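J.: structure for this input, please:
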Amino acid sequence: MKSPAPRMSSNDGVADAVRAALGSLASDVTERNFEVTVSVVRKDVAKALLLLRDTPGLEYQQLVEMVGCDYPERPLRFEVNYCLLSLTKNRRVRVRTMTDDKVPVPSVTAIWPVAGWLEREIWDLYGVLFEGNADHRRILTDYGFAGHPFRKDFPLTGYVEMRYSEEEKRVVYEPVKLAQDFRSFDFMSPWEGADYILPGDEKAKEGAGQ
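T.: Okay, here's the model as predicted:
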């Protein structure tokens with residue numbers, strides 16, 4: 001009985017093809033868990049993405065997603081990831097570049113117009129600027145929002161809260177206030193008003209009777 005054939009990656013040979021196409025533009029090309037990842041210096045990211053789209057044999061025509069990451073311990077704390085799909089080859093590749101909150105990343109809206117929405121989202125949530133994108137407006141948070149909520153150092157409570165003021169007949173913004181009067185501490189159950197005993201809670205009664 002023959003042993004089963006080894007599983008082949010749909011990305012076989014892609015890493016080498018990417019290295020050949022990008023040359024010095026790619027600072028690193030790795031393949032892990034059947035995913036090819038390309039690291040590119042910030043200033044060269046638009047050139048690299050254009051080559052990945054137009055090089056015969058690669059043909060990553062579609063920008064599926066752009067994702068931001070925050071690593072505060074790094075000098076360049078923000079990572080921008082471009083997830084590309086080849087519709088003709090049925091392959092995916094991830095391109096990543098790094099920056100800080102001052103130096104902008106080249107916009108790729110001239111290559112994929114949909115990047116305008118994705119770049120706005122990364123700016124809104126992380127504060128990463130994109131040179132060439134003239135529409136740096138908030139897209140997920142409110143226009144009066146302070147800060148960038150996906151940064152690791154952003155407080156979970158935020159900085160401001162909004163409410164509708166009956167007196168002023170409009171939405172008002174105020175510093176976050178965590179009033180003690182509105183807190184409820186129920187250490188016996190995670191759900192206030194629960195009429196059942198959670199597993200383990202019965203031990204408290206057993207211990208009280210000893």
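
J.: CA only for contacts and neighbour counts going forward, please
T.: Will do.

J.: mind naming the longest helix for the chain?
T.: Longest helix in the chain, counting residues (DSSP state H): helix 115-126.

J.: ok now it, how far from the chain's centre?
T.: With Cα atoms, centre = their mean, to the nearest Å as the basis, helix 115-126 stands 10 Å off its chain's centre.

J.: name the residues that touch it?
T.: The contact list for helix 115-126 (Cα atoms under 8 Å, 6 or more residues apart in numbering) reads 63, 65-68, 70, 78, 107-109, 128-130, 133, 135-141, 148-151.

J.: how about a cut-off of 6 Å?
T.: If you take Cα atoms under 6 Å, 6 or more residues apart in numbering as the criterion, helix 115-126 is touched by 66, 68, 109, 129, 136, 138-139, 148-151.

J.: rebuild those as JSON lines, extending it with secondary structure, distance to residue 23 and pLDDT.
T.: Listed next are the contacts of helix 115-126 as JSON lines, based on DSSP: H, G, I helix; E, B strand; the rest coil; distance: Cα to Cα, whole Å; pLDDT from 0 to 100:
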{"residue": "66", "secondary structure": "strand", "distance to residue 23": "23", "pLDDT": "97"}
{"residue": "68", "secondary structure": "strand", "distance to residue 23": "25", "pLDDT": "97"}
{"residue": "109", "secondary structure": "coil", "distance to residue 23": "23", "pLDDT": "96"}
{"residue": "129", "secondary structure": "coil", "distance to residue 23": "27", "pLDDT": "95"}
{"residue": "136", "secondary structure": "coil", "distance to residue 23": "32", "pLDDT": "88"}
{"residue": "138", "secondary structure": "coil", "distance to residue 23": "36", "pLDDT": "91"}
{"residue": "139", "secondary structure": "coil", "distance to residue 23": "36", "pLDDT": "93"}
{"residue": "148", "secondary structure": "coil", "distance to residue 23": "35", "pLDDT": "93"}
{"residue": "149", "secondary structure": "coil", "distance to residue 23": "37", "pLDDT": "93"}
{"residue": "150", "secondary structure": "coil", "distance to residue 23": "34", "pLDDT": "95"}
{"residue": "151", "secondary structure": "coil", "distance to residue 23": "33", "pLDDT": "94"}
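
J.: perfect, that will be all.
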